[in-house]
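>>> Curious how this folds, go ahead:
(chains A, B and C)
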Amino acid sequence: MNQNEILRAKNPLVHCITNYVTVNDVANSILAVGGSPIMADDESEVAEISSIANSLVINIGTLNSRTIKSMEIAGRIANSRNIPVILDPVGAGVSKLRNQTVENLLRNIKFAAIRGNLSEIGFCAGKNSSARGVDTNEEKNLESMEVASIVAKKFNCIAIITGAEDVVTDGKNFAFIQNGVSEMRKITGTGCMLSGILGAYIGASENHFDSSVSAVASMGIAGEISAENCRGTGSLHIGIIDALSQINDDTISKRGKIRYEKN
Amino acid sequence: MNQNEILRAKNPLVHCITNYVTVNDVANSILAVGGSPIMADDESEVAEISSIANSLVINIGTLNSRTIKSMEIAGRIANSRNIPVILDPVGAGVSKLRNQTVENLLRNIKFAAIRGNLSEIGFCAGKNSSARGVDTNEEKNLESMEVASIVAKKFNCIAIITGAEDVVTDGKNFAFIQNGVSEMRKITGTGCMLSGILGAYIGASENHFDSSVSAVASMGIAGEISAENCRGTGSLHIGIIDALSQINDDTISKRGKIRYEKN
Amino acid sequence: MNQNEILRAKNPLVHCITNYVTVNDVANSILAVGGSPIMADDESEVAEISSIANSLVINIGTLNSRTIKSMEIAGRIANSRNIPVILDPVGAGVSKLRNQTVENLLRNIKFAAIRGNLSEIGFCAGKNSSARGVDTNEEKNLESMEVASIVAKKFNCIAIITGAEDVVTDGKNFAFIQNGVSEMRKITGTGCMLSGILGAYIGASENHFDSSVSAVASMGIAGEISAENCRGTGSLHIGIIDALSQINDDTISKRGKIRYEKN
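Model (predicted):
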């Protein structure tokens, strides 16, 4: 696995339609790992932007009627060009608008990867969720494995559930990643940042499973490295970007706590 | 006063309709003090979001026709559910759009707390202001006390004016807080962050006066702690979030420069 | 040249209609160098905001139909009041929406300064560009000089092209600035931040050429100072704001690598 080397060599252009809460962190994370972000969400230009991009990231964090339309347009173009599309269904299960948007996107767009916490991916799997806001759910790892598997098979994609232990699966192969520190939940946007760098990793590599595992491990390891030096959640946040900008495959293979399973 | 302990124990969900300039800092501040932020501003979902929240923060910093409607919808739901609503009338007095929006919100929504600088709260009090932009006004503390008192009585709420000395009042009880450093005015968003953590403190406690005092002192103390170690306004900014994430009632009672008065 | 002293003394109010990716950094940069930012983009208030400002910065980074209208309204008011308007044509050349917006703005608004990378300013000059996203172009300095000269003469403004070597020109006088470090390209928003502080420098001084040179040098020097202490791109980013908040004319004259030429 030299997914980070591939990424830094290819410098993929990642088109992001994302929320305004964490957009700066998403852009800086993509730059840090070796990609080039381009944020554009007006319906009259998203087709052109997706037409020059290497991947598309759709994050519904602060969706609105204007941007929902743009997500669909960009997604169709990306599909027609066969570039990977990543979905971050932030808050799926929390409002009808989010639920309908996610259902429509899943119906009309082919996703290469879908990433969220257990309740969000549970929604995509068609499971009832007891989601409260957009916090990371801490239900059991077994449930994550099952839910991720359903989503991966149903949508023929990489499904990624982040939590105390992260799960990455294509429906057959599973990777369980135990990097990261619990303090990361006290920062907004670590999930969005991960979805952004998934766009960079997957946009640079044919091997979507391996590149997803590298992206997830990168984020967790960056959190650990930052936590060693931080003085609170402000510097933890900035230190994650620092660490992402220094990460390479060597660090990932040395520090990665990754366990593989086959189904 | 153990308001921070109450807050960290209750972990209130704070629905924010806020500006895109400082939204990331607002979310991270709320997380730092022990709340859970949820940012959502589309009119078709704000009612549902406010329906699961413990408080609502309305900040008009970058208001537009779309979000103004959402503020009203969310405010009514919050009122019907009896959860506290906090208003940050950013730039009130500066444009007709802001003035009309604030007037409409004050007419239609019951606020638990209103926070701003002297000219913004002066506008809410019906006073002519000579506001120039959204900078902190440095008029006299006496005027702040008078203006805050008018607003607290008129709207039956906690009125908070931040400045060189901060004033918190319910119309009868006054707290004057002298924490903070002047360099904080060189960072955008310290006011917005305070309004965000007010949403967390007030959302967690029945005692809105005490929780407001704790929120205001938290912000000032965080600024002082950060200023001891910073190398400019960038690290001052990050250090404030660091300090907020470490703050507890002990720090507040040790470092708080709070003077109480009764009317 | 004591442009920073003038700026800190005058504390100009800078109205920004800018993108939501880097808006926080733009506001904090303007504050750091001595200005007061005010972000407002609703069409029903931008005229009033520009009416009290000392300069207007228009950045099309995340333009949409709503904000494009606001840019034109604000620009006309600023022109009628004779306050300087700065254009940052982010991504010009990349989509029809951006191209048409830039063409309309250049037709209808008189700009005091236009800043971008070589491909963006090349678009303003009427040159075909092979732009790929919004990354800094690294074509030759000679081409930058030629393109900047065309734009400065065509629009009777200061043209600024940032790259490995930055060019500032009024069409006759040229300044070439070699401050900055290449790692700055791994942070989103250094260009936007520079356009923001250009609004502050130019809004405070009659001498638009000298104030532009000081702004460009400030940004590059801040990058160098920050790079001496950073641990990656996260702390590089924050350190730039730190350094901007400490910068003065003495630092600029000691560390500035500025070469002048006349045409």
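>>> Tell me who's in contact with the closest residue to residue A:242 other than its chain neighbours.
Nearest non-adjacent residue to residue A:242, counting by CB to CB, 6 or more residues apart in numbering or on different chains: residue C:232, 2.9 Å away. For glycine as for every other residue, the C-beta is placed from the backbone atoms N, C-alpha and C. Taking CB atoms under 8 Å, 6 or more residues apart in numbering or on different chains, we find residue C:232 in contact with A:32, A:239, A:241-246.
>>> Tabulate those in CSV, adding columns for pLDDT and secondary structure.
Output for these, formatted as CSV (pLDDT from 0 to 100; DSSP: H, G, I helix; E, B strand; the rest coil):
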residue, pLDDT, secondary structure
A:32, 98, helix
A:239, 98, helix
A:241, 98, helix
A:242, 98, helix
A:243, 98, helix
A:244, 98, helix
A:245, 98, helix
A:246, 98, helix
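>>> Return the residues of the stretch 151-263 of chain A in contact with chain C.
Residues of the stretch 151-263 of chain A lying close to chain C by CB under 8 Å from any CB of the partner chain are A:229, A:237-246.
>>> Write the ChimeraX selection for whichever of those residues are buried.
Entered in ChimeraX, the line below selects the buried ones among those, by 16 or more other CB atoms under 10 Å in any protein chain shown:
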select /A:237,238,239,240,241,242,243,244,245
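>>> can you tell me which two in the residues of the stretch 151-263 of chain A next to chain C are farthest apart?
Longest distance between any two of these is 16.0 Å, between A:237 and A:246; criterion CB to CB.
>>> which element is the most centrally placed residue in chain A on?
Most central in chain A under CA atoms, centre = their mean is residue A:195, positioned 2.1 Å from the mean C-alpha point. Assigned by DSSP states H and E, residue A:195 belongs to helix A:190-204.
>>> How about residue A:259: which residues does it bridge to?
residue A:176 (DSSP bridges).
>>> surely it meets residue A:175?
Yes: between residue A:259 and residue A:175 there is a contact under CB atoms under 8 Å: 7.2 Å.
>>> neighbour count winner among those two?
residue A:175 (22 against 11; other CB atoms under 10 Å in any protein chain shown).
>>> Verify the stated contact: the more buried one with residue A:161.
No: the pair residue A:175 / residue A:161 is not scored as a contact, 11.4 Å apart, by CB under 8 Å.
>>> what's the overlap in contacts for these two?
What both residue A:175 and residue A:161 touch, as defined by CB under 8 Å, 6+ apart, is the set residue A:167.
>>> residues from the stretch 1-150 of chain A in reach of chain B?
A:19-22, A:24-25, A:61-65, A:91, A:94-98, A:132-135.
>>> could you pick out which of those residues are near chain C?
Counting by CB under 8 Å from any CB, A:20, A:24 from these sit close to chain C.
>>> Ramachandran angles for the residue in chain A sticking out farthest from the centre?
What lies farthest from the middle of chain A is residue A:231; by CA atoms, centre = their mean that is 26.7 Å. Torsion angles at residue A:231 (phi, psi; degrees, to the nearest 10) stand at phi -120, psi 20.
>>> Find the nearest non-adjacent residue to it, please.
residue B:242 (4.7 Å).
>>> Identify the residues contacting the one you found.
Neighbouring residues of residue B:242 by CB under 8 Å, 6+ apart: A:230-235, B:226.
>>> Repeat the analysis, applying 6 Å as the threshold.
Listed by CB atoms under 6 Å, 6 or more residues apart in numbering or on different chains, the contact set of residue B:242 reads A:231-232, A:234-235.
>>> can you list the weak-confidence ranges in the stretch 1-150 of chain A?
A:1, A:128-140 (pLDDT under 70).
>>> Between which two of the contacts of residue B:242 is the distance greatest?
So, the contacts of residue B:242 by CB to CB: farthest apart are A:231 and A:234, at 7.8 Å.
>>> quick one on the thing from earlier: how about the residues of the stretch 151-263 of chain A next to chain C in JSON lines, adding distance to residue C:11?
Shown next, in JSON lines, are these (distance: CB to CB, whole Å):
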{"residue": "A:229", "distance to residue C:11": "36"}
{"residue": "A:237", "distance to residue C:11": "30"}
{"residue": "A:238", "distance to residue C:11": "28"}
{"residue": "A:239", "distance to residue C:11": "33"}
{"residue": "A:240", "distance to residue C:11": "35"}
{"residue": "A:241", "distance to residue C:11": "31"}
{"residue": "A:242", "distance to residue C:11": "33"}
{"residue": "A:243", "distance to residue C:11": "38"}
{"residue": "A:244", "distance to residue C:11": "37"}
{"residue": "A:245", "distance to residue C:11": "35"}
{"residue": "A:246", "distance to residue C:11": "39"}
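>>> ok, so of the residues of the stretch 151-263 of chain A next to chain C, who is nearest residue A:184?
residue A:240 (7.6 Å).
>>> Now do that closest one against chain B, distance only.
Separation of residue A:240 from chain B (CB to the nearest CB, to the nearest Å): 12 Å.
>>> Please name the residues that touch that residue.
A:222-223, A:226.
>>> Check which helix or strand it maps to.
helix A:233-246.
>>> Which pair of the contacts of residue C:232 spans the longest distance?
By the measure CB to CB, A:32 and A:239 form the most distant pair in the contacts of residue C:232, at 11.5 Å.
>>> Please name the residues that touch residue A:73.
By CB under 6 Å, 6+ apart, the residues touching residue A:73 are A:43, A:46-47.
>>> From the residues you listed, which land in helices?
Residues of these located in helices (DSSP state H): A:46-47.
>>> As a markdown table, the contacts of residue A:73 with neighbour count would be great.
Formatted as a markdown table, the contacts of residue A:73 follow (neighbours: other CB atoms under 10 Å in any protein chain shown):
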| residue | neighbour count |
| --- | --- |
| A:43 | 18 |
| A:46 | 28 |
| A:47 | 17 |
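>>> List just the nearest of the contacts of residue A:73 to residue A:215.
Among the contacts of residue A:73, residue A:46 lies closest to residue A:215 (CB to CB), at 23.4 Å.
>>> so what's the closest one up against?
A:40, A:70, A:73-74.
>>> Which pair of those residues spans the longest distance?
A:40 and A:73 (11.2 Å).
>>> So the nearest residue in space to residue A:92 that is not next to it in sequence: helix, strand or coil?
Spatially, and ignoring its direct neighbours in sequence, residue A:92 is nearest to residue A:123 (3.9 Å; CB to CB, 6+ apart). Of the three states, residue A:123 takes helix under DSSP: H, G, I helix; E, B strand; the rest coil.
>>> follow-up on the earlier one: after the helix holding residue A:240, next one along is what?
Criterion used, DSSP H and E; the element after helix A:233-246 is helix A:249-255.
>>> chain center to that next one, what's the gap?
20 Å (CA atoms, centre = their mean, to the nearest Å).
>>> What residues of it count as buried?
A:249, A:251-252, A:255.
>>> pLDDT (mean, whole number) over it?
In this model, helix A:249-255 has a mean pLDDT of 98.
>>> The longest helix seen in chain A vs helix A:233-246, what angle?
Across chain A, the longest stretch assigned as helix under DSSP H is helix A:208-227. Orientation check (axes from the mean of the first three to the mean of the last three CA atoms, to 10 degrees): helix A:208-227 against helix A:233-246 gives 130 degrees.
>>> Wondering if helix A:208-227 reaches chain B at all.
No: residues of helix A:208-227 are not located near chain B by CB under 6 Å from any CB of the partner chain, the shortest gap being 12.2 Å.
>>> quick one: strands adjacent to the host helix or strand of residue A:114?
Using DSSP H and E, residue A:114 sits within strand A:113-116. With DSSP bridges as the test, strand A:113-116 is paired with strand A:85-88 (parallel), strand A:158-161 (parallel).
>>> Which one of the ones you listed lies nearest to residue C:79?
Judging the strands paired with strand A:113-116 by CB to CB, what sits closest to residue C:79 is strand A:85-88, at 41.9 Å.
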